[in-house]
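1. got a predicted model here, sequence first, then my questions.
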Amino acid sequence: MRILSISSQVAYGPVGNSAAVPAMQSMGHEVLSVPTVILSNHPGHGKPAALRMPAADLAAMLGALEGLGVLETCAAVLTGYFAANDQIHGVARMIRRMRATNPKLYVLVDPVIGDDDRLYVPQPVAESIREELLPLADCASPNRFELEWLTGWRVSSIAEARAAAARLPVKEVLATSIPANAGKLATLAIADGECFEEVTALKKSVPHGTGDFLAGLYLAHRLAAEPQAALRRSIATLDRAIAISAGSTVLDIAGALQP
């Protein structure tokens, strides 16, 4: 299927589209990858050189794709990191037009706004994701902190994550980094009143990009499978990527996606 993916792009250390797009392509999907910002590297590797996509140029790129007729054939949209809130306005308008053409369009919003109990985007960006993109989404994939920030509810357990997820304006939630039993974290797929769990041991050091990679994996699987199966298959690949990346600061996506 054809997927439109809008997020950051980096040259070194895969995050954003550089992590999500290979995951989707590995399952045979065609991905239209549109960058919100282009970085030499993730800031976790040192101060990057960066080129932010102006909102007008981002809208023009999407408009050109629309003019070619390729957006009307998309089965899904994935949104991730945004550098400015005015970028979000144009993307929201485009998603509404795409859904008017294709009511079955599946939209996954990965609300990339923060972690470790802090926002790492400007507050207007976080607010625009909450107010403009989430109401258009079929699925949201927040980490624990993002789920707390978006809902105003504390999340320190699986039960609290389920309660917080119910406050989001989406029918499906992929919640990550949820505290489970001692020394463990859960990833939850919550949909149709059911909650499916994949619990893994808490790891001391994990490369950047795992959330972006998981969002791409889950969306790719979700187009062909129900939430429980999509979650199970996605976590299996993510765990493999983390395992083979042990000792490295860079997530080995290529290795994890090898047959």
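-> Okay, I see it.
2. state the phi and psi torsions of Asn256.
-> Check again: residue 256 is Ala, not Asn. Ala256 adopts backbone torsions of phi -70, psi -30, taken as degrees, to the nearest 10.
3. neighbours around it, how many?
-> Ala256 is flanked by 22 other residues according to other C-beta atoms under 10 Å. Backbone N, C-alpha and C define where each C-beta goes, glycine included.
4. Ser40 too?
-> Neighbour tally, Ser40, other C-beta under 10 Å: 15.
5. where does it land on pLDDT?
-> pLDDT, Ser40: 98.
6. show me what the helix or strand harbouring it is packed against.
-> Per DSSP states H and E, Ser40 falls inside strand 30-41. The criterion is 3 or more C-beta pairs under 8 Å, 6 or more residues apart in numbering; DSSP states H and E, and the helices and strands that strand 30-41 contacts are strand 2-12, helix 17-25, strand 50-52, helix 55-68.
7. what's the closest of the ones you listed to Cys195?
-> Closest to Cys195 of those is helix 17-25 (C-beta to C-beta; 23.4 Å).
8. which residues are contacting that closest one?
-> Identification of contacts with helix 17-25 by C-beta atoms under 8 Å, 6 or more residues apart in numbering yields 3, 5-11, 14, 31, 33-35, 78, 80, 110, 209, 212-213, 215-217, 219-220, 237, 251, 253-254, 257.
9. please identify which of the helices and strands packed on strand 30-41 is closest to Glu172.
-> strand 2-12 (16.5 Å).
10. from the chain's centroid, how far away is that closest one?
-> 10 Å (C-alpha atoms, centre = their mean, to the nearest Å).
11. sorry, back to before: filter the contacts of helix 17-25 to the buried ones?
-> Buried members of those, scored by 16 or more other C-beta atoms under 10 Å, are 3, 5-10, 14, 31, 33-35, 78, 80, 110, 209, 212-213, 215-217, 219-220, 237, 251, 253, 257.
12. got a list of what the most centrally placed residue in the chain touches?
-> Centroid-nearest residue in the chain, with C-alpha atoms, centre = their mean: Asp110, separated by 3.2 Å. Taking C-beta under 8 Å, 6+ apart, we find Asp110 in contact with 7, 20, 78-80, 140-142, 211-212, 215.
13. let's see 10 Å
-> Neighbour list for Asp110: 5, 7, 16, 20, 78-81, 129, 133, 137, 139-143, 146, 174, 176, 211-212, 214-216, 218-219 [criterion: C-beta atoms under 10 Å, 6 or more residues apart in numbering].
14. and for Ala59?
-> 53, 86-87, 89-91, 93-94.
15. distance check, it against Ala140.
-> With distances taken as C-beta to C-beta, to the nearest Å, Ala59 is found 23 Å from Ala140.
16. just Leu105 next, same as before
-> Counting by C-beta to C-beta, the gap from Leu105 to Ala140 is 15 Å.
17. what about those two, which has more around it?
-> Ala140 (28 against 19).
18. check contacts around that one.
-> With C-beta under 10 Å, 6+ apart, Ala140 has these contacts: 107-111, 129-130, 133-134, 146-147, 150, 165, 168-175, 190, 215.
19. kindly report the same for Leu174.
-> 108, 110, 139-143, 165, 187-191, 196, 211, 214-215, 218-219, 222, 227, 230-231, 234.
20. before we move on, what SS does it have?
-> strand (DSSP: H, G, I helix; E, B strand; the rest coil).
21. also Val121?
-> Applying three-state DSSP: Val121 is coil.
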